[in-house]
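> mind folding the following:
(chains A and B)
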Amino acid sequence: MQKKLVRVAIAIVAVAGLVGTAATANAGATGIKGGLKIAIMPKAVNIGYFTAWNKGATKACKEIGARCTYLGPTTATGAAQVQFINQVIQQHYNVLVISAADQNAIVPALNKARAAGITIVTSDADVDPSAAASRVTAILPASSTRIGTAEVDWIAAATGEKGSIAVLSAAATAANQNAWIAAMGPYLTQKYPNMSWVGGTVDKSVFYGNDDATTSTQQFDAILAQYPKVAGIISPTTVGVLAAAQEKKAKSATVAITGLGLPSQMAPYITDGTVLKVGLWNPIDLGYVAVYAAAEAASGTFKGTTGSSFYAGNTKATKKTYTVTAGGITYLGDPFTFDKSNIATFAAIY
Amino acid sequence: MKRAIFGWDKGILVFLVLTTIVGSFVTPYFANASNFSFVIQDIGEFMLMAIPMTFLIIAGEIDLSIGSTICLSSAALGYSYRQGIPFWLCLVIALVVGLLCGLINGILVTYFGLQSLAVTIGTLALYRGLCFVLLGNQPVNQMPLSYTDLGSNSIPHTFLPYVTILIFIFGAMGWIALHYSRLGRWTFAVGINVEAAKFSGIPVMRLKLALFAMTGLMAGVAGIVYTFRFASASPDGATGYELSVIASVLFGGVSIAGGVGTMWGVLAAVLELGVIRSVLQLINVSANTLLVVSGGLLLLSVAVPRAIEISRSRRKLVSIEKKG
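I've put the predicted structure just below:
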């Protein structure tokens, strides 16, 4: 009798244990409404960086059972993005994950989307801090200071810590690039006294390629024409650094180049020595985490207030928790550096 | 020749009605108040700029700098606001800046006798550069909500955005001026034959100067509308707007050679391009294909009237030969 009781007790405990783990496993995937209609909007659709960003977003969408669409303008301007935000409202999407092409111009449209009940998360590029209420949270790679100072370190390594430096940026109104450039100025002066900016200060040494390949190439030539002795060019945008590397090779220039480069695009130029090293965070992660954050916010389990947290990943192995910091910003982590030693590995990923 | 283009104008109106009806059927997202409101807001600045551009092109001139003028007015508005000037005065400054830009174009074309195409390509770059000088790369935001909300909200109890009021006022003024006033008759006369116009006593230089000034002033108005719509003033605003406006005007049946066109054709054309864009977007056509479509429509607007004209004159020749 006792043995039977013990066996029944063990059976009950075992079943309870199984049910318990099953429940927790479900809780890992639940908490998110199924069938959410999610719009993924880059600054512009024809940029390789955002194709990788979308790869991550699509992966997350599949995991949470949402229907995702990748849509956006062909030119990376706020005015063009607004037309697509309107489309998202008209087509009754539940969620919008967006990389802001202009930190101010899209705010009225985002507020309209919010009023229509759409949950908004910015990823990769945020809106102006004064408009933080227009989105639940912003998923950004690392603090602006760390991204800016890392790029200065890379160019210093490439120029032997001497010479004058110029910057080939994206659009003049791009908030993320401007924040990184602002961090570069004081850091260069403080850490590399033998280096300087071509225009005297960093603000006077920035050329804008507008995330357009042709414009970036022209601006690269303009830098070389205006400052023939320039030692290094930092390009904190994947379009710019690729254009610079191509033009450097075409013109057989000697200026060092670095910046934020997509490994798959920069691999040939790192392998043949045109560029010493570039860096980037993983845009796939930015898209992936953003979709989870937005889906949880749309399901009511994540509020986006400072200190609140959300998770990304649907298995115990991949699940990670992220916490919102001041200003509603969630940081992912530090950038990777790519050089000859690891470029082949990463070029296969993104 | 006038008859063929006149037919195109009626055609545009028919086309507009057709696309609206077809649009309501192919997608459930098109025919509702909210979407119509978006479409009107989307084309607001283009409508306002198409009005003076119609006058200019009929008179045989062109202005490629309007996008940059819109940006500069907006930048002047933002810059003044940043300096602490009261907001209503900043609006006046935006209008004055637009007017000045137009006057500069006009003076270079009339008193210096330069080609308007060349002049306005130059001022396109000049005014755009001034935008960057004024604002650096710091857009101006956080303007008074009571004003900028006019850019996003609709007139109470309707689905019409506030810009509709401006479109009606300036559209009506433009229509009456072009077709029922001396200014309009002079504009057509100058466009058809500028030498004949001069000899019949029309003050050609003053007329053209006035048209360029009017264009600049309307760009100032459009600049204010633009600033309200995006609740910010940015140095890269309104890029490429000139080409869209000119395309709309040509699509509305105005001949690039001058002397021909109607205001209602142009207004219908601007609305039509907005409607087509909305319908195509809502059936998930990609942004790249949209560009191809607008280009194709523009080619049609040039080719079809010409083809009709050629076939009409051929038929005339044949009937003359038969009689003879």
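> briefly note if stretch B:288-302 comes near chain A.
Yes - residues of stretch B:288-302 are located near chain A by C-beta under 8 Å from any C-beta of the partner chain, namely B:Asn288, B:Leu291. Using the backbone N, CA and C atoms, a C-beta is placed for each residue, glycine as well.
> centre of the chain to that stretch, how far?
Here stretch B:288-302 is found 17 Å from its chain centre; the criterion is C-alpha atoms, centre = their mean, to the nearest Å.
> and the residue most central in space within chain A, how close does it get to A:Ser205?
Among the residues of chain A, the one closest to the centroid is A:Asp124, at 3.3 Å (C-alpha atoms, centre = their mean). A:Asp124 sits 25 Å away from A:Ser205, going by C-beta to C-beta, to the nearest Å.
> show me the contacts for the residue nearest to the centre of chain A.
If a contact means C-beta atoms under 8 Å, 6 or more residues apart in numbering or on different chains, then A:Asp124 has A:Trp53, A:Ser99, A:Ile139, A:Leu140, A:Pro141, A:Asn176, A:Pro283, A:Leu286 as its contacts.
> please redo it, this time with the cut-off set to 6 Å
Applying C-beta atoms under 6 Å, 6 or more residues apart in numbering or on different chains to A:Asp124 gives the contacts A:Ser99, A:Leu286.
> same deal with B:Val270?
Contact analysis of B:Val270 by C-beta under 6 Å, 6+ apart lists B:Ile43, B:Phe46, B:Met47, B:Ala50, B:Ser248.
> quick one: residues contacting the first one.
This means B:Ile43. Contacts for B:Ile43 (C-beta under 6 Å, 6+ apart) come out as B:Val270, B:Gly274.
> tell me the SS of it?
Assigned by DSSP: H, G, I helix; E, B strand; the rest coil, the conformation of B:Ile43 is helix.
> now, of the contacts of B:Val270, which are buried?
The neighbour count (16 or more other C-beta atoms under 10 Å in any protein chain shown) marks B:Ile43, B:Phe46, B:Met47, B:Ala50, B:Ser248 as buried among the contacts of B:Val270.
> could you dump the residues you listed into a markdown table with secondary structure and pLDDT added?
Shown next, in a markdown table, are the buried ones among the contacts of B:Val270 (DSSP: H, G, I helix; E, B strand; the rest coil; pLDDT from 0 to 100):
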| residue | secondary structure | pLDDT |
| --- | --- | --- |
| B:Ile43 | helix | 93 |
| B:Phe46 | helix | 95 |
| B:Met47 | helix | 96 |
| B:Ala50 | helix | 96 |
| B:Ser248 | helix | 90 |
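> which residue is the nearest non-sequential neighbour of the one residue in the stretch 51-200 of chain B that gets nearest to chain A?
For the stretch 51-200 of chain B and chain A, the shortest gap (C-beta to the nearest C-beta) falls at B:Asn137, measuring 3.8 Å. Distances taken as C-beta to C-beta, 6 or more residues apart in numbering or on different chains place A:Ala172 nearest to B:Asn137, at 3.8 Å, with adjacent residues excluded.
> who in the stretch 251-350 of chain A is up against chain B?
Residues of the stretch 251-350 of chain A lying close to chain B (C-beta under 6 Å from any C-beta of the partner chain): none.
> wait, what's in contact with the residue of the stretch 251-350 of chain A found nearest chain B?
Per C-beta to the nearest C-beta, A:Gly327 is where the stretch 251-350 of chain A lies closest to chain B, at 15.7 Å. A:Gly327 makes contact with A:Pro129, A:Ala132 under the criterion C-beta under 6 Å, 6+ apart.
> and it, that one's in a helix?
Yes - the assignment for A:Gly327 (three-state DSSP) places it in a helix.
> re the thing from before, any chance of the contacts of B:Val270 in a markdown table, with distance to B:Gly84 too?
As requested, the contacts of B:Val270 are exported to a markdown table (distance: C-beta to C-beta, whole Å):
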| residue | distance to B:Gly84 |
| --- | --- |
| B:Ile43 | 34 |
| B:Phe46 | 33 |
| B:Met47 | 33 |
| B:Ala50 | 35 |
| B:Ser248 | 38 |
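> from those, which single one is nearest chain A?
B:Ile43 (10.8 Å).
> ok, that closest one to B:Val266 distance?
Applying C-beta to C-beta, the value for B:Ile43 to B:Val266 is 12 Å.
> now do A:Arg146
53 Å.
> so for these two, which residue has more residues nearby?
Each of A:Arg146 and B:Val266 has its neighbours counted (other C-beta atoms under 10 Å in any protein chain shown); B:Val266 has more, 31 against 16.
> which residues of chain B lie near chain A?
Taking C-beta under 6 Å from any C-beta as the contact definition, chain B meets chain A at B:29, B:35, B:38, B:137, B:139, B:141-142, B:152, B:230-232, B:234, B:236, B:281, B:287-288.
> mind checking which of those are in strands?
Using DSSP state E, no member of those sits in strands.
> chain center to the longest strand along chain A: distance?
When chain A is parsed with DSSP E, its longest strand is strand A:163-169. Computed by C-alpha atoms, centre = their mean, the separation of strand A:163-169 from the middle of its chain amounts to 23 Å.
> and stretch B:120-130, by the same measure?
Computed by C-alpha atoms, centre = their mean, the chain-centroid distance of stretch B:120-130 equals 18 Å.
> now it - C-alpha only, PDB.
Presented in PDB, the C-alpha positions along stretch B:120-130 are these (Å, rounded to 0.1, in the frame of the first residue of the first chain):
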ATOM      1  CA  THR B 120      16.700  79.000 -61.800                       C
ATOM      2  CA  ILE B 121      19.100  76.000 -61.900                       C
ATOM      3  CA  GLY B 122      21.600  78.400 -60.400                       C
ATOM      4  CA  THR B 123      19.300  79.800 -57.800                       C
ATOM      5  CA  LEU B 124      18.200  76.200 -57.000                       C
ATOM      6  CA  ALA B 125      21.700  75.600 -55.700                       C
ATOM      7  CA  LEU B 126      22.100  79.000 -54.200                       C
ATOM      8  CA  TYR B 127      18.900  79.000 -52.100                       C
ATOM      9  CA  ARG B 128      19.500  75.400 -51.000                       C
ATOM     10  CA  GLY B 129      23.000  76.400 -49.900                       C
ATOM     11  CA  LEU B 130      21.600  79.300 -47.900                       C
END
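> what sits against the one residue in the stretch 1-150 of chain A that gets nearest to chain B?
Closest to chain B within the stretch 1-150 of chain A is A:Asn104: 3.5 Å, counting by C-beta to the nearest C-beta. When contacts are counted by C-beta under 6 Å, 6+ apart, A:Asn104 touches A:Asp128, B:Pro139, B:Asn141, B:Ser232.
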